[in-house]
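J.: sequence-free structure coming up:
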């Protein structure tokens with residue numbers, strides 16, 4: 001019985017040895033294509049991301065400043081002012097509605113711009129926000145111009 005068992009085990013060992021080349025034949029590495037990124041490209045991507053973040057921060061800061069400038073709770077807190085020294089000469093984009101509390105600071109900034117700016121020689125606009133029916137009102141907690 002021992003001899004039969006030994007022969008049986010030897011046969012199995014031989015069979016396994018014969019199968020080794022078949023098993024190893026499939027042991028090839030799997031090739032995966034990985035895109036090559038150079039250091040310069042990586043730096044350019046990082047710079048673009050940083051610039052995008054800075055732009056987003058700047059936009060948020062400007063939006064916050066505008067909310068402070070135009071924020072209101074009632075219509076009597078709003079007033080129409082010239083956005084720049086030329087006012088309605090530049091058309092509707094030359095005026096803005098702001099909170100009365102911010103008028104002094106806003107006008108001082110406009111006066112600073114006046115030193116470096118000259119207005120075109122033409123009649124002021126009388127359309128829309130520059131017209132005689134334009135009013136500053138509080139809508140959705142922000143001063144707006146209605147006409």
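T.: Perfect, I can see it now. Quantities reported herein were computed from a predicted structural model and do not represent experimental measurements.
J.: any idea how far residue 84 lies from residue 133?
T.: Residue 84 sits 23 Å away from residue 133, going by C-beta to C-beta, to the nearest Å. No exception for glycine: its C-beta is placed from N, CA and C like everyone else's.
J.: Name the residue in those two with the higher neighbour count.
T.: Neighbours per residue, other C-beta atoms under 10 Å: of residue 84 and residue 133, the larger number sits with residue 84, 17 against 8.
J.: Which residue, neighbours along the chain excluded, lies closest to the more buried one?
T.: Leaving aside its sequence neighbours, residue 84 sits nearest to residue 113 (C-beta to C-beta, 6 or more residues apart in numbering; 5.6 Å).
J.: Could you pick out the longest helix of the protein?
T.: Counting residues, the longest helix found in the chain (DSSP state H) is helix 39-70.
J.: C-terminal to that one, what's the next element?
T.: Scanning forward in sequence from helix 39-70 by DSSP states H and E, the next helix or strand is strand 78-82.
J.: Show me what that following strand is packed up against.
T.: Secondary-structure packing of strand 78-82 (3 or more C-beta pairs under 8 Å, 6 or more residues apart in numbering; DSSP states H and E): strand 95-99, helix 103-114, strand 135-139, strand 142-146.
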